[in-house]
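Asker: Have a look at this fold, sequence not included:
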DNA sequence: CTAATTTGTAAACCGCCATGACGAAATAGT
DNA sequence: ACTATTTCGTCATGGCGGTTTACAAATTAG
């Protein structure tokens, strides 16, 4: 019974939330949902032993969750062991759905995911959004959302929330885009222009990508760095199974970590920021290519064809990334680094130089660098799943709806 | 009732702690302790309104805490308002005490702090520890601890735990010193060689310094970076009122963040690490001074005398620190940076260059840099307070003792 | 076919906080 | 002075939630 190390205190000094019996019930409902969601079909007894409550208590919790439409009884389990077989419980495929949306530089995408984690509807629209006004883009996105919601409802689900991934900095209110260089948006409140009727969350594309990795990855550790890039370079810091957001919500600005302090000037005011070496514009310039549509695809194609200029440009970008990541790894001691978003397509040419630099500069066992399995889909999936997660985390709030 | 953003989930998937009524009671006991501890003498009614429970419930909790010797009834409050005056409650000055210890490069220190946060006993021993064997150092420390414990007991307190601050990397088991370059210690388990009889915690000196800042500072935000240095340069990352430790417990290795990627080679394997510019050895060399005893004091004296070589060396170190911190600030978006430990004495000459570099390189409002008010005392105080904090966080575990 | 094992549920119980009522102790008003 | 009002602390009652205990149901082992 050693005193625990000093992690974030459950409730800091000053005002603190009371601990009432209702809260206890709510947390236990959540525990049941998480257990069933993570453990596949499970009997009440299995859930009870996993979360440490008695069978009787779990029975009561499960009853409530079934009445709310969040759990489903699948019927008796195939018996392999002695004793009465349990009745299999599974997360419902008919309950709430999470709607995820992504505003990309040259596409809009929306999807719906059910509690089981399955994508039940999807809608994509290609076309460059760079420099367009906010309103028409959001109008188009709203249309896509409505289409997906209709489809979802036809499938017997109801939308529990909308989460939008944006390539830019989002304030801690989870509604305002402070700066999105790829879109030329500044200080825009998306809340006013998106469909209401269910809760809205807006977050950075890198953050949602990291959450996808965290929740959907097979062996993703609870502490890692997720690096993502379109034009800027964003990172998401996952600590102890949660996102690190920073005071203003701007944590993860890897793009402006100094790589060479006397390097080229950066619009941010600094010199030699990572973005000056590994940002999309810098890489294109170094590769001797013009800016244009789908530049990342172009880079990948050229590199695959064996274009030496492009390969060298990507190697150099990898080196710069490695230097910046060395700092981040020293500071955060993560269990791994994941390359996601647009970077995943370029990984084959970035990785060698990146890993070499990182290994050389860090003492002890190397920090493993992997590539996201979701590629460009990560942020969209993460967004949709974040809504599902919110339901699992507090099933009571949506219980009345069904 | 918007869904909360996706912070660390109270209990990740898989195995999770059950939520029972006893746990509820324990958390509420903790809330009462924290409220009284933070709010000065408080009546039961005041506590109730602060933590959101009813007066009756608080009465019951307070009774238990008084029986355990953790709270004290001071008697009726001086009435200034209408109504019956409350009975003032205060944290007990006779209950458990936290024993803090520090192993420095050239001193050992131990102190005892009561629940009120007051230092009740103290014992220091000067003398260089660099290169000494582990056993004799710990034997001396044990003697100091025993002396402080005796004194504490004479004052009517009992030791609730021992926390030891070490200038080096500590594993997540909070017992093993993995690497302490200033002492030439490697992979030593302090648990075996220190007094048993109460719980032991070992942690990095920078971490404990940061906790002191967090808990004892007047206006310390819950998100900040605490930079500290003896020979190496360590930082502690405080996020959301808790320490970020990293996978292996090595988070905060600011000293090996690359500042100039092609700079001088570092023992860590990298090049141009911060330590090569702002580490004690590097600064002494740049200032044209020999290594020796109390080198930090020497630097401060010479700088105060106006020695231009020393001042330039410190300016350059400040610049390097500024570059490294730019990366950290971009990555973590903290509310502030605090210079502590040995750095606090050199702050006047480090700060200008550091702030200039940091401001220039970060967009938006500057991240404020301050100097710790505790100076070299921070880690010791933080260690002792960490034990006190553990009692406040879970009063039930120590309740039986009294 | 019986014994053993496991599951799910129901009834009684206990612990914890909420509610409401009350006496106690102060102030405010007449 | 005396009463009304306000606030504090406590007690009795009640509701809620998980535990304990008991038991029927369903399966395997012998």
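Answerer: Arrived safely. Just so we're clear, the structure is a prediction, and the values are computed from it rather than from any experiment.
Asker: DNA strand C contacts on the stretch 1-150 of chain A?
Answerer: A:18-21, A:43-46, A:55-56, A:59, A:62-63, A:81-87 (C-beta under 7 Å from any atom of the strand). Bear in mind the C-beta positions are built from the backbone N, C-alpha and C, glycine included.
Asker: and those residues, which of them are in strands?
Answerer: residue A:87 (DSSP state E).
Asker: are any of the residues of the stretch 1-150 of chain A next to DNA strand C buried, and which?
Answerer: Buried by 16 or more other C-beta atoms under 10 Å in any protein chain shown: A:18-19, A:43-46, A:55, A:62, A:86-87, out of these.
Asker: Domain ranges for chain A, per the record?
Answerer: Listed domain ranges for chain A are A:26-74+A:87-91, A:96-211+A:379-399, A:221-372 (source: automatic domain parsing).
Asker: TSV for those domains, including mean pLDDT?
Answerer: Below are the domains of chain A laid out as TSV (pLDDT from 0 to 100):
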stretch	mean pLDDT
domain A:26-74+A:87-91	95
domain A:96-211+A:379-399	95
domain A:221-372	93
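Asker: Burial check on the residue nearest to residue A:236 when sequence neighbours are not counted, number of neighbours?
Answerer: When the adjacent residues along the chain are set aside, residue A:236 lies closest to residue A:210, with 3.5 Å between them (C-beta to C-beta, 6 or more residues apart in numbering or on different chains). Residues near residue A:210, counting by other C-beta atoms under 10 Å in any protein chain shown, number 33.
Asker: in which helix or strand would I find residue A:210?
Answerer: Assigned by DSSP states H and E, residue A:210 belongs to helix A:205-216.
Asker: same deal with residue A:356?
Answerer: In this assignment (DSSP H and E), residue A:356 forms part of helix A:343-361.
Asker: Contact partners for whichever residue of the stretch 151-300 of chain A sits closest to DNA strand C?
Answerer: Closest to DNA strand C within the stretch 151-300 of chain A is residue A:156: 24.2 Å, counting by C-beta to the nearest atom of the strand. By C-beta atoms under 8 Å, 6 or more residues apart in numbering or on different chains, the contact set of residue A:156 is residue A:94.
Asker: coming back round to it: now the domains of chain A in a markdown table, with distance to residue B:173?
Answerer: Formatted as a markdown table, the domains of chain A follow (distance: least, C-beta to C-beta, whole Å):
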| stretch | distance to residue B:173 |
| --- | --- |
| domain A:26-74+A:87-91 | 24 |
| domain A:96-211+A:379-399 | 28 |
| domain A:221-372 | 15 |
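Asker: and residue B:103, which of those is closest to it?
Answerer: Closest to residue B:103 of the domains of chain A is domain A:221-372 (C-beta to C-beta; 22.2 Å).
Asker: Next, the distance between the ends of the closest one.
Answerer: End-to-end distance for domain A:221-372, by C-alpha to C-alpha, to the nearest Å: 13 Å.
Asker: ok, now stretch A:95-112?
Answerer: Start-to-end span of stretch A:95-112 (C-alpha to C-alpha) is 12 Å.
Asker: cool, and stretch A:188-203?
Answerer: Start and end residues of stretch A:188-203 are separated by 13 Å (C-alpha to C-alpha).
Asker: could you pull out the helices for chain A?
Answerer: Ranges of helices within chain A are A:21-39, A:44-51, A:55-67, A:134-154, A:205-216, A:275-278, A:280-287, A:295-305, A:308-332, A:343-361, A:378-393, A:395-399, based on DSSP state H.
Asker: would you turn those into JSON lines with distance to residue B:30?
Answerer: JSON lines is the format used below for the helices of chain A (distance: least, C-beta to C-beta, whole Å):
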{"stretch": "helix A:21-39", "distance to residue B:30": "15"}
{"stretch": "helix A:44-51", "distance to residue B:30": "22"}
{"stretch": "helix A:55-67", "distance to residue B:30": "24"}
{"stretch": "helix A:134-154", "distance to residue B:30": "43"}
{"stretch": "helix A:205-216", "distance to residue B:30": "29"}
{"stretch": "helix A:275-278", "distance to residue B:30": "45"}
{"stretch": "helix A:280-287", "distance to residue B:30": "50"}
{"stretch": "helix A:295-305", "distance to residue B:30": "51"}
{"stretch": "helix A:308-332", "distance to residue B:30": "29"}
{"stretch": "helix A:343-361", "distance to residue B:30": "42"}
{"stretch": "helix A:378-393", "distance to residue B:30": "23"}
{"stretch": "helix A:395-399", "distance to residue B:30": "24"}
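Asker: Dump these into TSV; add distance to DNA strand D as well.
Answerer: Formatted as TSV, these follow (distance: least, C-beta to the nearest atom of the strand, whole Å):
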stretch	distance to DNA strand D
helix A:21-39	4
helix A:44-51	8
helix A:55-67	3
helix A:134-154	31
helix A:205-216	25
helix A:275-278	50
helix A:280-287	51
helix A:295-305	50
helix A:308-332	36
helix A:343-361	42
helix A:378-393	16
helix A:395-399	9
